[in-house]
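Peer 1: need a structure here:
(one chain, ligands or ions: 1)
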Amino acid sequence: MDQFTPLLRARTLTLWLDSFSDWFKQYCAHHRLSIIFWDDDMVALVLDHREQASYSFHSNHVEELEPPLPWSALGRVEPSSQSFVQLENESASHHSWLLKLNCTAPLSAVIYLETSDAADTSALQQVADQSESLAALAEIQWDFHVLQRQQYRMSESPLSSGEVDLLPIIEHCPALISAKDLNGNILFVNRHFALLDGPSPEEYVGKNVFELFPKKIASELWSNDLKAINQGGLEVEETCHHKGGKLHTYLSNKFPLKDSTGEIFGICAISTDITERKATELHLRESEQRLKTLLRYAPEAILIFDVDKACYIDANRNAEKLFGLNKRNLMTADPATLSPSLQSDKGSSTTVRAQMIQRTLNGEVPHFEWLCLRHGSEAVPCEVRMVQFPMSGRRLIRESFIDISSHKASERKLKEHEAHLEYLAHHDALTGLPNRLLLADRLEHSLALARRSDTRVALLLFDLDRFKYINDTLGHDTGDRLLKTIANRLSEAVRTMDTAARLGGDEFVVLLEQFGALSDVSQVASKLIETLGEPCNVAGHELSPSLSIGISVFPDDASSAESLLKHADIAMYKAKESGGRHFRFFTGEMDQRTTQQLKMESELRKAIINNELSLVYQPQLSLADNTLCGMEVLVRWHHPKRGIIYPGEFIPVAEETGLINDLGLWVMRHTCKQIAKWRKKALKTPRISINLSARQFHQHDLLAQLKELLQAHQLTASDIEFEMTESMLMADAEETARLLNQLAKFGISLAVDDFGTGYSSLAYLQKFPIHRLKIDRRFIQHLPDNGNDSVIVSTIIAMAHNMGMKVVAEGVETGEQQRFLARLKCDEAQGYLFAKPLPTEACADYLKNHQADL
Ligand SMILES: Nc1nc2c(ncn2[C@@H]2O[C@@H]3COP(=O)(O)O[C@H]4[C@@H](O)[C@H](n5cnc6c(=O)[nH]c(N)nc65)O[C@@H]4COP(=O)(O)O[C@H]3[C@H]2O)c(=O)[nH]1
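Peer 2: Residues are numbered from 1 along each chain as shown. Predicted structure coming up:
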């Protein structure tokens with residue numbers, strides 16, 4: 001005893017009871033067994049293996065025991081005492097009961113075995129032996145009792161003694177019971193025969209089966225009867241009609257009837273109606289068949305998994321195809337071998353499968369993606385659905401698999417496509433550099449980082465000097481190739497951590513992070529100017545790219561990405577003003593001018609709406625006879641605070657901001673309106689020249705706007721002339737020619753303003769439909785003294801005439817100039833000498849005085 005700790009002792013008892021119980025169930029299942037343990041003050045256990053729980057407790061049972069429990073030996077404990085009640089309320093676990101015993105003290109036990117079979121001595125002996133071993137093992141005071149309960153013997157039955165009449169039992173038995181003689185004549189039928197399509201049961205007696213039943217049925221019955229006699233008995237299915245004509249199926253047990261000498265004198269048949277059972281069986285068979293068909297031809301691969309056997313018990317053809325195994329191999333396969341050990345999300349297949357099976361058993365229908373193995377090696381992505389598959393109480397699960405590998409492939413393609421689109425959205429198609437969108441993203445990110453780490457970010461913005469010229473003269477293809485060369489050089493020149501992006505056109509940006517001093521940024525800028533500017537051969541042209549870089553620094557120059565870019569842009573223009581191939585850091589002064597421009601822009605916008613603009617007209621005279629031949633219309637802005645502002649100040653702002661389109665339309669509209677007004681007053685007007693800005697010229701609906709205005713005011717194209725600057729015409733020669741031809745075709749005459757200030761050659765201009773050249777005031781103002789200007793002016797006049805163009809001299813202020821120009825055969829002149837630009841009223845007077853010229 002000493003070697004047992006109380007816990008160990010209780011544990012030993014428990015183990016022994018478990019195995020004893022198993023053994024007992026197997027060999028002595030029909031006996032009732034009770035084991036009662038007790039210590040000094042507690043009865044611990046009654047074991048009755050026949051109850052539903054393996055162990056259960058019944059205090060009543062204890063009272064019934066024979067011989068009765070040795071209550072005196074149990075000390076204070078009585079069947080009704082607290083100890084029993086307490087145990088009775090507990091769950092049926094002998095483990096916990098045993099633990100309640102005082103396992104350090106001596107334990108006693110009694111085992112009762114109830115049996116009704118006195119001859120079963122071997123079983124009794126075995127129980128006794130097992131009990132002995134328990135006693136030995138746990139050192140328990142042991143007592144073994146066998147209680148034999150008596151059984152009824154047939155010889156003592158009231159039935160056999162004749163006390164009970166068997167006939168009513170047979171009569172009311174819910175089966176057809178009949179007896180016939182050896183000729184097939186009915187000796188007896190029970191009441192159940194009343195169900196059959198035939199006479200009343202009484203009328204059967206004495207008649208032959210062939211008289212009672214249709215020939216086919218009677219032959220079958222009689223043939224079975226004869227077989228039963230010959231074989232000594234027969235179990236066979238037979239049919240007969242019930243009242244109403246319905247055919248019923250019976251399971252008949254037929255056996256010969258013998259008299260006391262053993263002589264056969266007839267046949268007895270006991271037939272049970274199995275019509276319903278057969279129908280149910282048929283129904284079951286059919287539904288099983290349907291199920292099999294469904295399984296076989298289902299589009300999915302289907303496996304039936306037996307949870308308790310942990311294997312598959314059925315599979316359809318698609319499952320064979322999916323797993324690359326025949327049905328037999330699938331049935332014997334370990335389910336774990338049908339998928340890779342890890343799923344695509346790196347989850348363990350065994351764990352996930354076990355979870356899914358548990359969920360299915362809990363009534364869920366899990367639906368999930370799963371990698372299967374085809375031929376044990378090729379992973380096939382599938383969509384799996386598990387559902388309980390109820391079949392005769394077995395725990396079966398139907399697993400259906402849909403191969404989604406093609407779906408996955410198109411999903412993958414879609415993802416690649418999306419990634420490509422994403423790339424295109426963030427990269428420049430020509431150079432492959434990050435585009436404006438990606439730059440904005442990176443810039444925001446690096447600014448956020450710089451804010452957190454208190455560091456600086458530099459933005460270097462540059463474009464190529466005279467790129468437009470290269471593009472226009474050498475073609476877009478060459479322009480594109482040059483841009484690619486620059487982009488490649490740029491990518492090589494910057495560190496991988498820095499971003500080089502193309503904003504569009506010839507504009508590029510470098511984003512520098514984590515630099516030491518500003519001198520480092522200067523160094524990068526110088527390096528870029530040098531390396532990107534090295535001569536290169538592009539499409540057979542030897543080019544020397546030149547760039548101007550504007551630099552702004554966070555947080556010194558701006559706090560947001562937008563203003564950082566804006567300030568780099570301002571600095572770049574300053575660098576360009578210095579003559580190109582320069583870099584400039586942004587300074588506050590640069591911004592001041594920009595701020596003023598912004599102010600002017602918003603004021604000008606309002607000025608157009610509020611009619612703060614007006615027109616003045618400057619006459620142009622024919623030098624041959626001093627007659628009025630034209631007028632140039634010029635715009636004035638009557639600023640509410642600043643007074644008159646001249647176009648030289650606001651036209652560049654309007655051009656830069658795009659407001660020039662609105663402003664230009666305003667000038668065209670009011671000019672046409674004014675001409676119409678003068679005409680209404682019977683005032684003849686000469687050709688009136690309107691200045692056209694570059695943006696206006698390229699506006700796609702310019703001609704349409706003009707046509708509409710002329711029509712609205714009943715004017716013709718010859719009433720108007722357009723003046724365009726020389727540099728404007730040279731910007732895009734091909735496009736210019738196309739647009740000019742359109743205007744000329746419509747009948748508008750065209751004049752080149754400020755001629756001589758640009759780079760164009762007269763020969764180049766010959767390609768355009770130009771009617772008039774206006775020599776810039778700078779060449780006129782020093783005439784005739786300045787020899788150079790005299791030569792230029794006389795050459796321009798001579799060549800223009802050669803090309804069929806007329807020449808207008810601008811800014812003629814002196815009679816000397818007038819005479820000199822007249823001598824050079826200059827056609828027309830405009831200037832303060834003749835008239836300053838005239839407001840509407842004054843112009844009307846001027847017109848009145850010159851009506852004879854027109
Ligand atoms: N010193 C001097 N100046 C003379 C003399 N004769 C005329 N001028 C000035 O020279 C300019 C001639 O116009 P522009 O060359 O077309 O040059 C114009 C034209 O390019 C532009 N401009 C004026 N109005 C418009 C307009 O409605 N639309 C567009 N796009 N540009 C306009 O603004 C420029 C300046 O116009 P304004 O200030 O009106 O200046 C006018 C005129 O007042 C002279 O003998 N001596």
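
Peer 1: Give me the three-state assignment for the residue of the chain positioned farthest from its centre.
Peer 2: When distances to the mean C-alpha position of the chain are computed (C-alpha atoms, centre = their mean), the maximum falls on Thr261, with 92.0 Å. Under DSSP: H, G, I helix; E, B strand; the rest coil, the three-state class of Thr261 is coil.

Peer 1: Can you name the residues that contact it?
Peer 2: If you count contacts by C-beta atoms under 8 Å, 6 or more residues apart in numbering, Thr261 has none. Backbone N, C-alpha and C define where each C-beta goes, glycine included.

Peer 1: tell me the mean pLDDT for the host helix or strand of Phe37?
Peer 2: Phe37 belongs to strand 32-38 when elements are defined using DSSP states H and E. Mean per-residue pLDDT for strand 32-38: 70.

Peer 1: Check which helices and strands it sits against.
Peer 2: For strand 32-38, the elements it packs on are helix 6-27, helix 59-64, strand 107-115, judged by 3 or more C-beta pairs under 8 Å, 6 or more residues apart in numbering; DSSP states H and E.

Peer 1: Least confident of the ones you listed, on average?
Peer 2: helix 59-64 - the lowest mean pLDDT of the helices and strands packed on strand 32-38, at a mean of 57.

Peer 1: how many other residues sit next to Ala854?
Peer 2: Quick fix: residue 854 is Leu, not Ala. Neighbour count for Leu854, taken as other C-beta atoms under 10 Å: 13.

Peer 1: Kindly report the same for Leu512.
Peer 2: Quick note: Leu512 (other C-beta under 10 Å) scores 22 neighbours.

Peer 1: What parts of the stretch 501-650 of the chain come near the ligand?
Peer 2: Selection of the stretch 501-650 of the chain residues close to the ligand by C-beta under 6 Å from any ligand atom yields 618, 634-635, 646-648.

Peer 1: switch to 5 Å and redo it
Peer 2: Counting by C-beta under 5 Å from any ligand atom, the stretch 501-650 of the chain comes close to the ligand at 634-635, 646-648.

Peer 1: on that earlier part again, tell me the gap between the strand holding Phe37 and the middle of its chain.
Peer 2: Averaging C-alpha positions (C-alpha atoms, centre = their mean, to the nearest Å) puts strand 32-38 67 Å from its chain's average.

Peer 1: which residues pair with Phe368 across the strands?
Peer 2: Per DSSP bridges, the residues bridged to Phe368 are Val384.

Peer 1: Give me the distance between it and the ligand.
Peer 2: 71 Å (C-beta to the nearest ligand atom, to the nearest Å).

Peer 1: for Thr499, same thing?
Peer 2: In terms of C-beta to the nearest ligand atom, Thr499 sits 40 Å off from the ligand.

Peer 1: Now for that residue, how many residues are close by?
Peer 2: Neighbourhood size, Thr499 [other C-beta under 10 Å]: 22.

Peer 1: Excluding sequence neighbours, find me the nearest residue to it.
Peer 2: Of all residues not flanking Thr499 in the chain, Leu511 sits nearest, at 4.1 Å (C-beta to C-beta, 6 or more residues apart in numbering).

Peer 1: Then that neighbour would be within a strand, right?
Peer 2: Yes: using three-state DSSP, the assignment for Leu511 is a strand.

Peer 1: quick one: pLDDT of it?
Peer 2: The score at Leu511 is 96. That number is its pLDDT.

Peer 1: Ok, Leu739 next?
Peer 2: 89.

Peer 1: Next: the one 5 residues further on.
Peer 2: Ala744 carries a pLDDT value of 93.

Peer 1: List the residues that contact the spatially closest residue to it that is not a sequence neighbour.
Peer 2: Of all residues not flanking Ala744 in the chain, Pro769 sits nearest, at 3.7 Å (C-beta to C-beta, 6+ apart). Contacts for Pro769 (C-beta under 8 Å, 6+ apart) come out as 740-741, 743-744, 750.

Peer 1: how about low-confidence regions in the stretch 401-550 of the chain?
Peer 2: Along the stretch 401-550 of the chain, segments meeting pLDDT under 70 span 469.

Peer 1: Now do the same contact list for Gly658.
Peer 2: Contacts of Gly658 were listed using C-beta under 8 Å, 6+ apart, and they are Arg695.

Peer 1: How about Met668?
Peer 2: 690, 705-706, 709.

Peer 1: Provide a list of residues in contact with Asn471.
Peer 2: Residues near Asn471 by C-beta under 8 Å, 6+ apart: 478-479.

Peer 1: With Tyr297 instead?
Peer 2: By C-beta under 8 Å, 6+ apart, the neighbours of Tyr297 are Asn316.

Peer 1: Look at it and report its pLDDT.
Peer 2: Predicted confidence (pLDDT) for Tyr297: 81.
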